[in-house]
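Trainee: 3D, please:
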Amino acid sequence: MDEDFEFPVDTNNVAAEEEMGMHMDDLPEPDPIMKVDEEKEIGKNGIKKKLLKEGEGWEKPNKGDEVEVHYVGTLLDGTQFDSSRDRGTPFKFKLGEGQVITGWDEGIKTMKKGEKSLFTIPPEMAYGESGSPPTIPLNATLQFEVELLSWNSVKDICKDGGICKKILVEGEGWQNPKHLDEVFVKYEARLEDGTLVSKSDGVEFPVKDGYFCPALAKAVKTMKKGEKVLLTVKPQYAFGDTGKAASGDEGGIPPNATFQINLELISWKIVSEVTNDKKVLKTILKEGEGYDRPNDGALVKVKLMGKLQDGTVFVKKGHDEEEPFEFKIDEEQVIDGLDRAVKKMKKGEVALITIQPEYAFGSSDAPQELAVVPGNSTVYYEVELVSFEKEKESWDVNTQEKIEAAGKKKEQGNVLFKAGKYVRASKRYEKAVGFIEYDSSFSDDEKQQAKLLKVNCNLNNAACKLKLKEYQEAAKLCTKVLEIDSKNVKALYRRAQAYIQLVDLELAEFDIKKALEIDPDNRDVKLEYKVLKEKIREYNKKDAQFYGSIFAKMSKLEQSGGPKNMATPMAIDSGGKLRTMSSVRAKANSCWAAMVMAVMAGCRRMSTRLASTKVAEAH
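Mentor: Prediction:
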């Protein structure tokens, strides 16, 4: 047969797939487990596969991959009609893209590298009713002995054909760079005619910022360390319909140009967000050991160097044979951003920490060890976490030590609260309760001590939450106290404060009245009751205005019902008596007014609850 023999496209199947918006490998079926010389049917289209030789590993080619095979094709009577082996050249094609008969696309995707199998393919999955004269008869069932030599994976990165990635060299591991990471790559970009337009033997850039063209950033996020690929890039991910003028060592790129990029991902630095607002970032320069990290209260030892954006060093500790710098996490011994970042490091890790002013030295000039940090400066710390000693957790200590630790945390919280540091105070109270939350192993005396500590810490934490406008949390903490001590006036008072802010005035009034029953002379509760009454008056006034507006509109509608001298129509009531329609209307209006009042009262209660929810969500 001719050497340029190619299998025709099964256009019916391809069209059907496109119409349904799906492809063969979108809904893969599990491949049958087979032994050598065993034959099984694969798929639902009558194709049979007989395994002749096991393949290697577990990977199989996917749609779009460039596969390389040797094959021998015969009719059922043994007549050979084609053979790549006879030609001495392996056959290459893209899998699943209609470049071969459908039976091949279905069968070869079930093979492993080095595998040899015999496929029996029915006519409808081969050349159908027409055959391929003169070598392949009409409605012929064919057999192909196929050996899968290798394949190059080709991925449509953006699922629109804009960037196709062909893997030339597999990378290491399983991780890929993320949006914030900084990658180090080599690349070479050429136009379709081979003209070199850009090249670098090593360039570093943040993935989020990209480099040269948008395709590089999108591609590296799909690559592994050491991976080499060939990218085919369409204009929409390159330089569009404007192109790019030549500059320096880079050649010009015509409008609407498609080009190819050889790209190698040499390495990357992992960048993570320390704070949710992205104002403290940690770039790993050297990986640490294990998985453990410091906790709040941990004693850490670090080597550090702080720099300004222009490279000026303003602090240097633990270098030049100097002992490592020690500080405790969450004790305000260093700036907030550094404190938070070190807490996310592992032993032995080296990181570059970028800290914006809000988490550094703020808006004022700050004299430091080696230089002054100007106001509103973003600062950069290179930090090595030499070692750390974690603060003991509740499961690491005995019952008496738990009570002592809880008492210590409570006192720390009190100091912070008085200093107006409500977030940090709240964390101390939570930590204190954490030590004594579960007291089943405590003695009776210890249980009493723990109960008192829990009440005090939750009450103080509720005060923090009120200051922080986290009213829902404040109410929950007061409820916890009342579950222990139902007559705790402070808990009722603070929960009422929270309910007032959540616009749940009925619950607030209930708590205040109960508090006054317990302590009638409590000045703070009485003052809060005045606040509540004013709120109620305010809401009643708004309700009155709202309802008044509605009834005014109703009255206006009634008055516009017809001329005053119109004859009054009559109606017969259920007792057979005549009565005017005006009396019917009057009763209807009366019922309508009652219904409106009831609905409005319900709406008022509902709006109160909704307002409560919105306030809670806002905080």
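Trainee: All the helices of the stretch 1-150 of the chain, residue numbers only.
Mentor: 11-20, 84-87, 102-108 (DSSP state H, counting those that start in this stretch).
Trainee: domains of this protein?
Mentor: Following the TED database, one finds the domains of the chain at 38-152, 156-269, 274-389, 399-534.
Trainee: Can you lay out those domains as TSV showing mean pLDDT and distance to K542?
Mentor: Yep, even glycine has a C-beta here, placed from its N, CA and C like the rest. What follows is the domains of the chain, written out as TSV (pLDDT from 0 to 100; distance: least, Cβ to Cβ, whole Å):
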stretch	mean pLDDT	distance to K542
domain 38-152	94	64
domain 156-269	94	48
domain 274-389	96	37
domain 399-534	94	12
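Trainee: how about JSON lines for those, with mean neighbour count added?
Mentor: Conversion of the domains of the chain to JSON lines gives the following (neighbours: other Cβ atoms under 10 Å):
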{"stretch": "domain 38-152", "mean neighbour count": "17"}
{"stretch": "domain 156-269", "mean neighbour count": "17"}
{"stretch": "domain 274-389", "mean neighbour count": "17"}
{"stretch": "domain 399-534", "mean neighbour count": "19"}
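Trainee: For S549, which of those domains is the nearest?
Mentor: Closest to S549 of the domains of the chain, according to Cβ to Cβ: domain 399-534, at 21.3 Å.
Trainee: Just the terminal-to-terminal distance for the closest one.
Mentor: Start-to-end span of domain 399-534 (Cα to Cα, to the nearest Å) is 48 Å.
Trainee: just stretch 90-97 next, same as before
Mentor: By Cα to Cα, one end of stretch 90-97 lies 19 Å from the other end.
Trainee: Show me what that stretch is in contact with.
Mentor: Here stretch 90-97 makes contact (Cβ atoms under 8 Å, 6 or more residues apart in numbering) with 23-25, 61-71, 84, 99-100, 105, 108-109, 149, 151, 154.
Trainee: if you look at those, which of them are in strands?
Mentor: E66, V67, E68, V69, H70, Y71, L149, W151, V154 (DSSP state E).
Trainee: Could you report the neighbour count for K390?
Mentor: Here the number of neighbours of K390 (other Cβ atoms under 10 Å) works out to 16.
Trainee: OK, contacts around the nearest residue to I253 once chain neighbours are set aside?
Mentor: Closest residue in space to I253, ignoring its immediate chain neighbours: K244 at 4.2 Å, by Cβ to Cβ, 6 or more residues apart in numbering. Each residue near K244 by Cβ under 8 Å, 6+ apart is listed here: E250, G252, I253.
Trainee: Same question for Y422.
Mentor: Neighbour list for Y422: L416, C464, K467, L468 [criterion: Cβ under 8 Å, 6+ apart].
Trainee: And A491, by the same measure?
Mentor: Neighbouring residues of A491 by Cβ under 8 Å, 6+ apart: L459, A462, C478, T479, V481, L482, D485.
Trainee: Which one of those is nearest to V525?
Mentor: Out of those, the member with the shortest distance to V525 (by Cβ to Cβ) is C478, at 13.5 Å.
Trainee: Validate this expectation: the closest one resides in a helix.
Mentor: Yes - under DSSP: H, G, I helix; E, B strand; the rest coil, C478 sits within a helix.
Trainee: Tell me the spatial nearest neighbour of W174, not counting adjacent residues.
Mentor: Excluding the flanking residues, the one nearest W174 by Cβ to Cβ, 6+ apart is K224, at 7.0 Å.
Trainee: now do G96
Mentor: Nearest residue to G96 in three dimensions, chain neighbours excluded: K63, at 3.4 Å (Cβ to Cβ, 6+ apart).
Trainee: Okay, that neighbour and K535: tell me how far apart.
Mentor: K63 sits 65 Å away from K535, going by Cβ to Cβ, to the nearest Å.
Trainee: Which pair in the contacts of A491 has the greatest spatial separation?
Mentor: For those, the farthest-apart pair by Cβ to Cβ is A462 and D485; their separation is 13.5 Å.
Trainee: pretty sure K50 is in contact with S117, am I right?
Mentor: Yes - K50 lies in contact with S117 (Cβ atoms under 8 Å); the separation is 6.3 Å.
Trainee: gap between the two ends of stretch 265-279?
Mentor: Stretch 265-279 has its terminal residues 28 Å apart, counting by Cα to Cα.
Trainee: swap in stretch 271-291?
Mentor: Start-to-end, stretch 271-291 (Cα to Cα) is 17 Å.
Trainee: Not counting it itself, show me its contacts.
Mentor: Residues from elsewhere that reach stretch 271-291 (Cβ under 8 Å, 6+ apart): 178, 180-182, 206, 269-270, 337, 340-341, 344-356, 358-359, 382, 384-385.
Trainee: Which ones among these map onto strands?
Mentor: Using DSSP E, the members of the contacts of stretch 271-291 that fall in strands are E182, P206, K269, V350, A351, L352, I353, T354, I355, E382, E384, L385.
Trainee: Would you format those as TSV with distance to Q545 included?
Mentor: Below are these laid out as TSV (distance: Cβ to Cβ, whole Å):
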residue	distance to Q545
E182	60
P206	57
K269	62
V350	66
A351	60
L352	60
I353	56
T354	54
I355	52
E382	64
E384	67
L385	63
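Trainee: And the furthest pair within the residues you listed?
Mentor: Going by Cβ to Cβ, the pair spanning the ones in strands among the contacts of stretch 271-291 furthest: P206 and L385, at 23.7 Å.
Trainee: quick one on the thing from earlier: thinking the residue nearest to W174 is in contact with P177, fair?
Mentor: No - counting by Cβ under 8 Å, P177 is not a contact partner of K224; they are 9.3 Å apart.
Trainee: helix or strand for the closest residue to Y187 other than its chain neighbours, which one?
Mentor: Among residues not flanking Y187 along the chain, L263 sits closest, at 4.7 Å (Cβ to Cβ, 6+ apart). According to DSSP states H and E, L263 maps onto strand 259-269.
Trainee: which of the residues in the following helix or strand past that strand are buried?
Mentor: The helix or strand immediately downstream of strand 259-269 is strand 271-273, counting by DSSP H and E. For strand 271-273, burial by neighbour count (16 or more other Cβ atoms under 10 Å) applies to V271.
Trainee: what pairs with strand 271-273, and is each one parallel or antiparallel?
Mentor: Here strand 271-273 is paired, per DSSP bridges, with strand 280-286 (antiparallel).
Trainee: got the angle for the partner strand vs strand 350-355?
Mentor: For strand 280-286 against strand 350-355, the angle by axes from the mean of the first three to the mean of the last three Cα atoms, to 10 degrees is 160 degrees.
Trainee: Just the CA coordinates for strand 280-286, please, in CSV.
Mentor: Output of strand 280-286 as CSV, limited to C-alpha atoms (Å, rounded to 0.1, in the frame of the first residue of the first chain):
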residue,chain,number,x,y,z
VAL,A,280,1.9,40.6,54.3
LEU,A,281,3.4,38.1,51.9
LYS,A,282,5.9,35.3,52.6
THR,A,283,8.2,34.0,49.8
ILE,A,284,10.0,30.8,50.6
LEU,A,285,13.7,30.9,49.7
LYS,A,286,14.5,27.6,51.4
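Trainee: quick one: it to chain centroid distance?
Mentor: A distance of 20 Å separates the centroid of the chain from that of strand 280-286, by Cα atoms, centre = their mean, to the nearest Å.
Trainee: Repeat that for stretch 169-180.
Mentor: The answer for stretch 169-180 is 19 Å, by Cα atoms, centre = their mean.
Trainee: Please save the CA atoms from it in CSV.
Mentor: C-alpha atoms of stretch 169-180 as CSV (Å, rounded to 0.1, in the frame of the first residue of the first chain):
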residue,chain,number,x,y,z
VAL,A,169,10.4,16.5,29.0
GLU,A,170,8.3,15.4,32.0
GLY,A,171,8.8,17.4,35.2
GLU,A,172,9.3,16.3,38.8
GLY,A,173,6.7,15.7,41.5
TRP,A,174,3.2,16.9,41.3
GLN,A,175,3.1,20.6,42.4
ASN,A,176,2.5,23.5,40.0
PRO,A,177,3.3,27.2,40.6
LYS,A,178,0.4,29.3,41.9
HIS,A,179,-0.8,32.8,41.1
LEU,A,180,1.4,34.6,43.7
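Trainee: All good on my end, thank you.
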